[in-house]
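> how does the following fold in three dimensions:
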Amino acid sequence: MSTATAKQPSWLSKAVFYQIYPQSFCDSNGDGIGDLPGIISKLDYLQSLGVNALWLNPVFVSPFGDAGYDVVDFCKVAPRYGTNADLARLFKAAHKRGMKVVLDLVAGHTSDQHPWFKDACNNPKSPYSNYFIFTGQEEQRSCYYYQAAVVKGRRGGYYKPNFLAFQPCLNYGYMNPDPAKPWQLPTDHPDCLAVRGMLRDVMKFWLDLGCDGFRVDMAASLIKNDPEAIGLRCLWQGFRAWLDRDYPEAVLVSEWCNPINAIDSGYHIDFMIHFSDSAYRPLVGPGYALNGKARRPHVFFERAGEGDITEFLRIYQKHYEPTKGRGYIALPTGNHDFYRNSHGRDASELRVLYAMLLTMPGVPFIYYGDEIGMRNLTGITEKEGSMWRAPCRTPMQWDGAKPNLGFSTGKSKALYLPVDPAPDAPTVAAQERDPDSLLNFTRKLLALRAKHSALGNDGAFCPLYAEGGRYPFVYQRSDAKGSFAIAVNPGEAEVTIARPQLKNAKRLLGTAVVKGENLTVPGVGFGIFRLAE
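Below is the predicted model of the structure:
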C-alpha cells in the first residue's frame with residue numbers, strides 16, 4: 001500500500017483534537033471518578049472551544065495498575081466509567097454536534113489479569129500460550145522499564161512485559177528470530193497472525209459501535225527484533241489497507257514520535273513529543289522533567305531567550321518535508337505522560353507558546369485543562385501507576401464556586417486525585433467571564449485557524465526568520481486562499497528585525513507591530529498577520 005496515494009478521512013483536514021483523561025474530566029455520579037456521562041455533559045463546552053474531535057484515554061475493564069493501560073477486556077467499558085451503551089451514547093451525542101471520538105487502543109500488551117494470560121500461565125497446553133512471549137529465561141533489557149518478569153503459575157520461568165511487569169507483551173512475532181531461542185516466533189507464525197486478528201476484531205467492535213478511530217499506545221513496540229521497522233510497517237500498513245477499504249473515515253493516530261516511520265506505516269497522524277528524536281524537546285524542554293527556569297540546556301520557549309529554534313526546525317523539517325500531504329504531525333499542548341507546559345510558565349508565556357502550537361501545520365491536540373492553564377500539583381500521592389505523572393492528571397477545574405471545583409459532588413477524600421487547592425486555581429467558569437482569559441484566547445486562536453485554511457492542517461509552512469540562538473521565530477503559512485505570518489518571541493527582550501515579506505501586513509492577533517519592512521515583537525509577545533497580496 002502506498003500511503004502517498006491512500007485515502008484520508010474526509011474530516012481530518014479540519015480536525016482539532018481535545019484529549020480527555022476520563023477519570024479526571026467530569027464525575028456525573030459523585031463517586032470521585034470521572035465518567036462517560038460526565039463527558040457527554042460537557043460536549044457543548046468542548047464544541048464552544050473550537051475542537052471537533054476527542055481522544056479518550058483507555059476506558060476498558062482493567063485492574064488499573066497503569067491507569068487503564070493494563071486491559072482485562074478490550075471490548076467492555078470499565079464499570080467506573082459507565083457501560084458500552086454509555087460509550088455508544090457518547091459517540092452519538094458527539095456526532096450530532098459534528099464531533100468525532102477516538103479511543104485509546106492498547107495494542108502491545110494486556111493486563112496480567114487478562115483471562116488469556118492467566119490461562120497461559122496455568123496451562124502449558126493453553127491455546128493462548130503463544131499469544132504472549134514466555135522466554136523460559138531472563139533476557140537483557142526486554143522492555144522499556146523492566147527485565148523479563150517472573151511467571152506466576154504452573155508454567156514457571158519468565159515472560160516479556162511491554163512496559164511494566166504486569167503488562168505482558170502480546171506476541172506479534174520477531175522480525176529476525178534467533179533459532180537458539182525457540183520462543184522467538186516469526187511474524188507469520190499462525191499464533192502471531194491470530195493476535196493480529198484479535199486486534200482487528202477489537203477495532204471492528206468499536207468502529208461498528210460508532211468509534212471514529214484509534215490512538216495506538218506504544219505503536220512501535222509490537223514487532224520484536226525489528227530495528228528498521230520493516231515488520232512494523234508491514235503490520236500497520238495491513239491494518240490501514242483494511243480501514244481504507246471497510247472504514248475509510250476511521251483515523252489511526254500513533255504514539256511513535258517518528259512521523260516518517262509512522263506515516264510510511266499507514267498512520268494518519270503521529271505525535272512529536274517525548275521520545276528519542278523529538279522536535280518538542282528543544283521547543284519546551286524534556287517532556288518528563290520540565291522544571292521552569294531551571295531547565296538546562298535552555299529551550300526556545302522560556303524568558304531567558306537563550307534557546308535555539310534551529311534545533312527544533314532541524315528535527316521538525318526532517319519529518320515534515322517527506323510526510324506533508326501524506327499524513328500529519330501533531331505538536332500537542334501536553335498529554336497525560338509529562339508535566340503540563342504551564343509548569344514554570346505564566347499565562348502570558350502560555351499565550352506565546354499556544355500562538356505557535358495552534359498555528360503550525362498538522363493536527364492540533366489540546367490536553368484537557370491546558371486551555372485554562374491548569375497547573376501541575378506537586379507532592380500528591382502516586383495513583384494507579386502514575387509514577388512521575390500524577391501532577392498532570394488532576395481533576396478538571398470547572399467552577400470555583402462549587403465543591404471540588406465543579407469536578408465532582410462527592411467528598412474530597414473520594415476524588416481520584418485532589419483538585420488544585422490554591423485560591424487562584426484557574427477554572428472554566430471564571431475564565432468564561434473574562435474576555436482576556438487564556439480560555440478565550442485559545443478560542444480566538446482556534447477560530448482563526450478554522451476561518452483561514454492557510455492556518456489549518458494542510459496549509460504550507462515556510463520559516464521566514466529562524467536564526468540559531470536568536471529571536472523571534474517567524475514563519476509563513478499559506479495556501480491558494482491567502483498567506484499569513486506568525487512571529488513568536490518567548491524571550492523577555494523586545495526584538496526588531498527587517499522582513500520585507502511583512503510589508504503592509506495586517507495584524508489579526510497579538511502585540512507585534514509591522515512598520516514598513518520592520519517587525520517588532522515585544523518581550524513574551526507574538527503576532528499573527530495576514531500578508532498583503
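> just the helices in the stretch 351-500 of the chain please.
428-432, 438-451 (DSSP state H, counting those that start in this stretch).
> those into a markdown table, with extra columns for distance to Ser13?
(Glycine included, C-beta is placed from N, CA and C.) As requested, the helices of the stretch 351-500 of the chain are arranged in a markdown table below (distance: least, C-beta to C-beta, whole Å):
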| stretch | distance to Ser13 |
| --- | --- |
| helix 428-432 | 29 |
| helix 438-451 | 12 |
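> hey, what's the nearest residue to Val513 once chain neighbours are set aside bridged with?
Using C-beta to C-beta, 6 or more residues apart in numbering and skipping residues adjacent in sequence, the residue nearest Val513 is Thr520, 4.9 Å away. As for beta bridges, Thr520 partners with Thr496, Val513 under DSSP bridges.
> pick out the residue closest to the middle of this structure.
Asn335 (5.5 Å; C-alpha atoms, centre = their mean).
> how much space between that residue and Lys503?
40 Å (C-beta to C-beta, to the nearest Å).
> the residue nearest to the centre of the chain - that's part of a helix, no?
No. In this structure, Asn335 is coil, not part of a helix, as judged by DSSP: H, G, I helix; E, B strand; the rest coil.
> not counting its neighbours along the chain, what's nearest it?
Spatial nearest neighbour of Asn335, chain neighbours left out: Tyr367 (5.3 Å); criterion: C-beta to C-beta, 6+ apart.
> the one you found and Gln19 touch, don't they?
Yes. Tyr367 lies in contact with Gln19 (C-beta atoms under 8 Å); the separation is 4.9 Å.
> give me the common contacts of those two.
Residues touching both Tyr367 and Gln19 (C-beta atoms under 8 Å, 6 or more residues apart in numbering) are 332, 335-336.
> Gly238 and Pro259, how far apart?
For Gly238 relative to Pro259 (C-beta to C-beta), the value is 20 Å.
> okay, domains of this protein per the record?
Listed by automatic domain parsing, the domain ranges of the chain are 12-111+192-449, 112-164, 461-530.
> of these, which shows the lowest average pLDDT?
Ranked by mean pLDDT, those bottom out at domain 112-164, with a mean of 84.
> how long is that one end to end?
Its first and final residues considered, domain 112-164 spans 10 Å by C-alpha to C-alpha, to the nearest Å.
> now the nearest residue to Ala505 once chain neighbours are set aside: how far from Ala485?
Nearest residue to Ala505, sequence neighbours excluded (C-beta to C-beta, 6+ apart): Phe529, at 3.9 Å. Per C-beta to C-beta, Phe529 is found 5 Å from Ala485.
> give me the common contacts of these two.
Contact criterion C-beta under 8 Å, 6+ apart; residues shared by Phe529 and Ala485: 502, 505.
> how about the strands in the stretch 151-300 of the chain?
With DSSP state E, counting those that start in this stretch as the criterion, the stretch 151-300 of the chain has strands at 158-159, 213-216, 251-254, 269-271.
> can you list those in CSV and add mean neighbour count?
CSV is the format used below for the strands of the stretch 151-300 of the chain (neighbours: other C-beta atoms under 10 Å):
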stretch, mean neighbour count
strand 158-159, 23
strand 213-216, 26
strand 251-254, 26
strand 269-271, 27
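> so for Ala304, which of those sits nearest?
With C-beta to C-beta, the closest approach to Ala304 among the strands of the stretch 151-300 of the chain belongs to strand 269-271: 26.7 Å.
> rewinding a little: of the domains of the chain, which approaches Gly173 most closely?
Nearest of those (C-beta to C-beta): domain 12-111+192-449, 3.8 Å.
> quote the end-to-end distance of the closest one.
From its first residue to its last, domain 12-111+192-449 covers 14 Å (C-alpha to C-alpha).
> does Ser408 really touch Gln397, like I thought?
No. Under the criterion of C-beta under 8 Å, Ser408 makes no contact with Gln397, lying 11.6 Å away.
> neighbour count winner among the two?
A count of neighbours by other C-beta atoms under 10 Å puts Ser408 above the other of Ser408 and Gln397, at 29 against 24.
> how close does the more buried one sit to Ile20?
15 Å.
> next: Asp346.
Distance of Asp346 to Ile20, given as C-beta to C-beta: 25 Å.
> then Tyr339?
18 Å.
> again, but for Glu228
35 Å.
> who's more crowded, those two?
Between Glu228 and Ile20, counting by other C-beta under 10 Å, Ile20 is the more crowded of the two (24 against 10).
> tell me who's in contact with that one.
Contacts of Ile20 (C-beta under 8 Å, 6+ apart): 39, 54-57, 368.
> now stretch 80-90: buried residues?
When burial is assessed from 16 or more other C-beta atoms under 10 Å, stretch 80-90 yields the following buried residues: 80-82, 86-90.
> quick one: which two of the residues you listed are the most distant?
Longest span within the buried residues of stretch 80-90, C-beta to C-beta: Arg80 and Ala88, 17.6 Å.
> so Arg155 sits right up against Tyr128, yeah?
No. Here Arg155 lies out of contact with Tyr128, judged by C-beta under 8 Å, at a distance of 11.4 Å.
> quick one on the thing from earlier: so between Gly238 and Pro259, which is more surrounded?
Pro259 (29 against 15).
> not counting stretch 425-445 itself, show me its contacts.
Stretch 425-445 is touched from outside by 45, 48-50, 347, 350-351, 354-355, 358-359, 366, 371-375, 396-401, 405-406, 419-420, 509, with contacts defined as C-beta under 8 Å, 6+ apart.
> partner residues bridging Tyr18?
Taking DSSP bridges as the rule, Tyr18 bridges to Leu54, Ile366.
> report how many residues lie close to it.
25.
> so how far is Asn404 from it?
Plainly put, Tyr18 is 21 Å away from Asn404 if you go by C-beta to C-beta.
> for Pro22, same thing?
For Pro22, the distance to Asn404 equals 16 Å [C-beta to C-beta].
> go on, Pro79?
From Pro79 to Asn404 the distance is 21 Å (C-beta to C-beta).
> which one of those two has more residues nearby?
Asn404 (21 against 9).
> what residues does that one make contact with?
395, 410, 412, 415, 419.
> just the buried ones from those, in ChimeraX syntax?
Buried subset of the contacts of Asn404, written as a ChimeraX selection, criterion 16+ other C-beta under 10 Å:
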select :395,410,415,419
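> would CSV of the contacts of Asn404 with distance to Tyr316 be doable?
Converted to CSV, the contacts of Asn404 look like this (distance: C-beta to C-beta, whole Å):
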residue, distance to Tyr316
Pro395, 33
Gly410, 44
Ser412, 43
Leu415, 39
Val419, 36
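> tell me the SS of Tyr74?
No, residue 74 isn't Tyr; it's Phe. Three-state assignment for Phe74 (three-state DSSP): strand.
> name the nearest residue to it, sequence neighbours excluded.
Nearest residue to Phe74, sequence neighbours excluded (C-beta to C-beta, 6+ apart): Val202, at 4.5 Å.
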